[in-house]
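Q: Just a sequence and a predicted model for now, questions to come.
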Amino acid sequence: MMEGYLESTIKQFEYYKLLGDKTFAQLPDEKLFWQYNEDSNSIATIVKHLWGNMLSRWTDFLTTDGEKEWRDRDGEFENSIATKEEMLQKWDSGWKVFLDTLKSLKDEDLSKIIYIRNQGHTVMEAINRQLAHYPYHIGQIVFIGKMAAGKWEWLSIPKGNSKEFNSQKFSQPKHKQHFTDEYLNDENK
């Protein structure tokens with residue numbers, strides 16, 4: 001039952017990273033720091049939080065608690081990133097630690113117990129926890145990006161094009177390709 005789980009989750013996470021990448025590419029630099037109000041997070045702040053979480057959770061994943069002593073979670077929500085380049089460096093370095101760790105895991109690791117804030121999780125539970133957490137924040141990034149961009153290029157099926165999209169899909173033979181493969185391999189999306 002666990003066979004293929006790691007490959008599938010890696011594809012899911014790569015897809016969500018791609019949504020973030022495509023959002024950043026559409027925005028002028030200053031829009032990455034825009035906040036709806038003083039209680040809201042900017043895209044850069046959300047990236048900083050994801051970066052801190054990824055480094056803490058996935059560094060020495062199988063051997064140390066996922067909430068590292070050196071993590072400053074509260075500081076992740078302070079607007080201290082100054083440039084797009086700094087934000088992208090944090091984005092890419094967090095994803096690298098995370099995806100490298102996922103890609104190093106074996107099926108037999110999925111039932112091992114790891115700890116997050118001293119609470120035991122199987123490796124599979126820890127991955128599932130982030131499969132809910134990271135897309136939640138990436139959805140925020142996309143939503144803020146749409147609000148801040150002015151003109152927006154859709155990242156999925158454009159509004160009003162579902163029938164055309166489905167017609168094109170159903171005109172092709174059935175195939176086993178996972179939907180994330182299609183988006184990850186198609187530069188036109």
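A: In hand now; what should we look at?

Q: surely Trp91 meets Ile46?
A: No: under the criterion of Cβ atoms under 8 Å, Trp91 lies out of contact with Ile46, with a separation of 9.9 Å. Quick note: C-beta positions are derived from backbone N, CA and C, even for glycine.

Q: Now do the shared contacts for those two.
A: Between them, Trp91 and Ile46 share no contacting residue under Cβ atoms under 8 Å, 6 or more residues apart in numbering.

Q: Helices along this protein, start to end?
A: For the chain, the helices defined by DSSP state H cover 5-26, 43-58, 73-76, 84-104, 123-149, 162-170, 179-185.

Q: quick one, which of these is packed in tightest?
A: Of those, the one with the most neighbours on average (mean count of other Cβ atoms under 10 Å) is helix 43-58, at a mean of 23.

Q: just checking, what packs against that one?
A: Judged by 3 or more Cβ pairs under 8 Å, 6 or more residues apart in numbering; DSSP states H and E, helix 43-58 is in contact with helix 5-26, helix 73-76, helix 84-104, helix 123-149.

Q: how about 6 Å then?
A: helix 73-76, helix 84-104, helix 123-149 (3 or more Cβ pairs under 6 Å, 6 or more residues apart in numbering; DSSP states H and E).

Q: thinking again about what came up before, can you flag the weakest of the helices of the chain by average pLDDT?
A: For those, mean pLDDT drops lowest on helix 179-185, to a mean of 58.

Q: ok, so what distance separates the residue lying farthest from the centre of the chain from Ser80?
A: Ranking residues of the chain by C-alpha distance from their mean position (Cα atoms, centre = their mean) puts Ser171 at the top, at 31.7 Å. Going from Ser171 to Ser80 by Cβ to Cβ, to the nearest Å gives 51 Å.
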